[in-house]
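**Q** Any chance you can model this:
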Amino acid sequence: MSDIESRVCSTLPDNIDAGSFVVPQFNQFKTASFVHKPRILLLYGSLRARSFSRLVVEESARILQAMGAETRIFNPTGLPLPDGDDAENTKVAELRELMLWSEGQVWCSPERHGSMTGILKSQIDWVPLSIGAVRPTQGKTLAVMQVSGGSQSFNAVNQMRVLGRWMRMLTIPNQSSVAKAFMEFDDNDRMKPSPYYNRIVDVLEELMKFTLLTRDNADYLVDRYSERVESAEQVSQRVNQRSI
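**A** Numbering: from 1, shown residues only. Okay, here's the model as predicted:
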């Protein structure tokens with residue numbers, strides 16, 4: 001134990017469990033990096049035949065691939081309403097598998113009635129905070145984007161940002177909002193050059209940086225004192241139980 005650790009431990013408040021208390025140390029961060037490409041899952045929030053949130057996601061996937069990422073896009077068509085079926089549903093199982101596969105995510109929703117769509121929210125609602133001992137979204141990076149039919153708004157991205165924190169994700173500072181999205185794509189459904197396009201590149205660049213920075217250390221970054229205490233109590237109960 002270092003001098004710093006000694007001094008801290010000698011002044012622990014009475015309520016602290018010394019066996020579960022850990023002083024954060026820089027040398028606990030891993031220096032070796034994963035060699036595989038960053039794995040980015042992209043979600044969109046509309047089922048329209050020409051969905052601009054889907055087109056933004058498809059454009060984002062191209063940009064991310066150019067930055068060296070491996071990307072997968074989830075198609076929400078056929079996904080039942082939350083609790084409308086069980087987890088054995090094919091689309092639900094596919095979504096949960098992709099959540100576990102990903103190291104970072106992009107969520108893009110239209111703004112509908114001043115908020116994110118139920119289609120995007122339903123996708124997140126199908127992913128519980130934990131599946132057994134595994135938390136599918138905890139510690140993964142997240143970028144949020146929205147498309148609007150009218151003037152620029154940040155209602156949907158602000159809601160998704162709150163939702164990302166609720167899902168225990170590392171939501172990056174930057175975000176994108178595309179106003180009058182129907183004017184930003186050509187006849188081939190490719191996004192035109194514009195400040196909106198540049199902002200999307202900014203967001204994805206930042207997402208890649210944060211993903212590369214944190215993915216090796218996601219488990220360490222989200223390791224919590226309260227959960228270590230709980231685990232210690234569970235072990236104690238198991239060891240000291242009178243019978244099996």
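**Q** Quick one: name whatever helix or strand follows the helix or strand hosting Asn198.
**A** Using DSSP states H and E, Asn198 sits in helix 195-214. Note on helix 195-214: by DSSP H and E, the next helix or strand toward the C-terminus is helix 218-221.
**Q** quick one on the thing from earlier: now for the helix holding Asn198, which elements pack on it?
**A** Counting contacts by 3 or more Cβ pairs under 8 Å, 6 or more residues apart in numbering; DSSP states H and E, helix 195-214 packs against helix 52-66, strand 104-110, strand 141-147, strand 176-178. Every C-beta, even on glycine, is put in place using the N, C-alpha and C of the backbone.
**Q** If you count neighbours, what's buried in that helix?
**A** Neighbour-count burial for helix 195-214 flags 196-197, 199-200, 203-204, 206-208, 210-212, 214 (criterion: 16 or more other Cβ atoms under 10 Å).
**Q** Mind putting those into JSON lines with pLDDT?
**A** Output for the buried residues of helix 195-214, formatted as JSON lines (pLDDT from 0 to 100):
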{"residue": "Tyr196", "pLDDT": "96"}
{"residue": "Tyr197", "pLDDT": "95"}
{"residue": "Arg199", "pLDDT": "96"}
{"residue": "Ile200", "pLDDT": "96"}
{"residue": "Val203", "pLDDT": "97"}
{"residue": "Leu204", "pLDDT": "97"}
{"residue": "Glu206", "pLDDT": "97"}
{"residue": "Leu207", "pLDDT": "97"}
{"residue": "Met208", "pLDDT": "96"}
{"residue": "Phe210", "pLDDT": "94"}
{"residue": "Thr211", "pLDDT": "95"}
{"residue": "Leu212", "pLDDT": "93"}
{"residue": "Thr214", "pLDDT": "90"}
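**Q** That concludes my questions; thank you for your assistance.
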